[in-house]
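**Q** What follows is a protein structure lacking sequence information:
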């Protein structure tokens, strides 16, 4: 019975809490025991917060005793990627340069969730500042995939995905700049939403590439993602790029899309060169399941897909090189000792505390923006960004959603790509174009390969049409049970 | 495009204010050359009639119309994270050589 708690939807948990069948303390203890037992193997958390969680649950129990109205996420054990600032709780961004940093304020989207009585159970591991696709670049330790602990969990939100798959938290926060929610969700067999750019505020989250970064959530159930997103989303005066478009009540729209007659685009470029046959077979089986429900599968082409990696790995390092300038050892974070001048402090602090992948991307960006190369790289890539965006916009005039694999392969062995940055970058081929265009996409599990490793697919929608993605994804999960499979821990 | 050498890396590391060891400089020279050769494919595309995209969901910049006064942090809470501070000031090494 107790192992079933992590399989329940938030709604089911809330019903048990309000019916007196479960207390917030029981719920928290269930997760904390699992963290204690399994996290030493998985290493999903940089900073677990059991003491804080118990204090918050005690306050919640007081609210219940006093019959005070509870929030929509009362007692919900929440894991938060370490690049989100959490007031009073160490936020390292997965990098040694922020070791010991205790933020004086919280990120907007996290604050909105705890305002609804969610309980922070810990800060999860990530590639430093979210630079990576495997969580192996973390300045602390690599996280292990719960389905096979010799393999990567994906990344950069690998700690969050492993926490959900391992049943160490009910919902987790992640960010998706080039696939960092969808790819680890897919590799760990859980669901993850990358909303439209600007749907969720970026305030209080360490910046990677400001015109790409998208905070979002991971969970088992798409219905939970819908509920959490409707709480997280919406305009924030602290983020000028956050959208003022009204936020629909996603959790009330889970059956709003009629699968009968739904036009689903199958982009041939996502199923061609380099895709693992087992991945292709399972993703096409998901498409055919929709077809059986009356959806219409339509072949489409997004010809500039292969250029997505080149555009992404030009523009993102450019933005990184600017955003990372603030880590100078002066105002916060680690600082080098025995320096002789201010500029010497900058050089030595950054040389000593930035992880190799951070240096690599700062150098790429600095090179691409340096005198004589700006037009050839930054402007050229920004023009092809327009092309990629237009191809999606054209495709979404003839189809309702686009369906594709999240990753061309399942999780690879730890260490396999760490010394080959280009190979690591190319693994993002199926996710980056969505970020280049700023569209929303939902990743969800659709089967396993012959090694019992999870396979995921993504559905991509038009701008601000998250409601359609949640509805289609939810209906898929009503027809399948891939999201309810548990790894052999 | 010019060749990326150890000297190129040393130059851009100086621009980016990062101390690199000679080994790091050599490694990044090889890795950046590989990555930049790949991304240079974008130069084969004719984009003469295409406008660049800098923001994806809006064509205009939004401006703050009123101050966000409630968000102001106290000096003490900010100074808590400074490696060195004295009263209400962050202490640094001298910026001008003696």
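**A** Structure's in. What do you need? Predicted model, so just to flag it, every value in this text is computed and none were measured.
**Q** Could you tell me how many residues sit around residue A:412?
**A** Other residues within reach of residue A:412, judged by other Cβ atoms under 10 Å in any protein chain shown, total 20. The C-beta positions use only the backbone N, C-alpha and C, and glycine is treated the same way.
**Q** Where does pLDDT dip in chain A?
**A** Within chain A, the ranges that satisfy pLDDT under 70 run A:1-3.
**Q** try 50
**A** By pLDDT under 50, the weakly predicted segments of chain A are A:1-2.
**Q** Nearest residue to the middle of it?
**A** By Cα atoms, centre = their mean, chain A has its centre lying nearest to residue A:181, at 2.2 Å.
**Q** That one contacts residue A:191, correct?
**A** No - applying Cβ atoms under 8 Å as the test, residue A:181 and residue A:191 come out as separate, 9.7 Å apart.
**Q** who touches both of those two?
**A** Shared contacts of residue A:181 and residue A:191 (Cβ atoms under 8 Å, 6 or more residues apart in numbering or on different chains): A:218, A:443.
**Q** now the closest residue to residue A:453 other than its chain neighbours: how far from residue A:278?
**A** In this structure, residue A:453 finds its nearest non-sequential neighbour in residue A:410, 3.9 Å apart by Cβ to Cβ, 6 or more residues apart in numbering or on different chains. To residue A:278, residue A:410 is 8 Å away according to Cβ to Cβ, to the nearest Å.
**Q** Could I get the contacting residues of the residue of the stretch 251-400 of chain A found nearest chain B?
**A** Nearest residue of the stretch 251-400 of chain A to chain B (Cβ to the nearest Cβ) works out as residue A:351 at 2.9 Å. Applying Cβ under 8 Å, 6+ apart to residue A:351 gives the contacts A:336, B:18-20.
**Q** Give me the buried entries from those residues.
**A** A:336, B:18-20 (16 or more other Cβ atoms under 10 Å in any protein chain shown).
**Q** what's the closest of those to residue A:56?
**A** residue A:336 (37.1 Å; Cβ to Cβ).
**Q** sec struct for residue 61, please.
**A** Unless you meant another one, I'm taking chain A. helix (DSSP: H, G, I helix; E, B strand; the rest coil).
**Q** Just to check, it is in contact with residue A:25?
**A** Yes - with contacts counted by Cβ under 8 Å, residue A:61 reaches residue A:25, the gap being 6.3 Å.
**Q** Residue A:474 versus residue A:216, what's the distance?
**A** Applying Cβ to Cβ to residue A:216 and residue A:474 gives a distance of 16 Å.
**Q** Have a look at the two and say which one is more surrounded.
**A** Higher neighbour count among residue A:216 and residue A:474: residue A:216, with 32 against 25, using other Cβ under 10 Å.
**Q** quick one on the thing from earlier: with the contacts of residue A:351 in mind, which one is nearest to residue A:394?
**A** Looking across the contacts of residue A:351 and measuring by Cβ to Cβ, the closest to residue A:394 is residue B:18, at 42.1 Å.
**Q** State the phi and psi torsions of the closest residue to that closest one other than its chain neighbours.
**A** Nearest in space to residue B:18, with sequence neighbours left out and distances taken as Cβ to Cβ, 6+ apart, is residue A:350 at 4.5 Å. The phi and psi values for residue A:350, taken as degrees, to the nearest 10, are phi -70, psi -40.
**Q** who's in contact with residue A:448?
**A** Contacts of residue A:448 (Cβ under 8 Å, 6+ apart): A:189, A:282, A:454-455, A:482, A:485.
**Q** Apologies, that question was intended for residue A:104.
**A** Per Cβ under 8 Å, 6+ apart, neighbours of residue A:104: A:87, B:73-74, B:77-78, B:80-81.
**Q** What is the burial count for residue 86?
**A** Going with chain A. Applying other Cβ under 10 Å, I find that residue A:86 has 25 neighbouring residues.
**Q** That was the other one, I meant chain B.
**A** The number of residues near residue B:86, taken as other Cβ under 10 Å, comes to 9.
**Q** looking at the sheet around it, what are its partners?
**A** Here residue B:86 shows beta-bridge partners residue B:89, assigned using DSSP bridges.
**Q** So for it, what's the pLDDT?
**A** Here, the pLDDT recorded for residue B:86 equals 94.
**Q** got the buried residues for the helix or strand containing residue A:41?
**A** Under the criterion of DSSP states H and E, residue A:41 resides in helix A:24-42. By neighbour count with 16+ other Cβ under 10 Å, helix A:24-42 contains the buried residues A:24, A:27-32, A:34-35, A:38-39, A:42.
**Q** Given the following helix or strand past it, what are its sheet partners and their directions?
**A** Toward the C-terminus, helix A:24-42 is succeeded by strand A:45-48 as the next helix or strand (DSSP H and E). Under the criterion DSSP bridges, strand A:45-48 sits next to strand A:119-124 (antiparallel) in its sheet.
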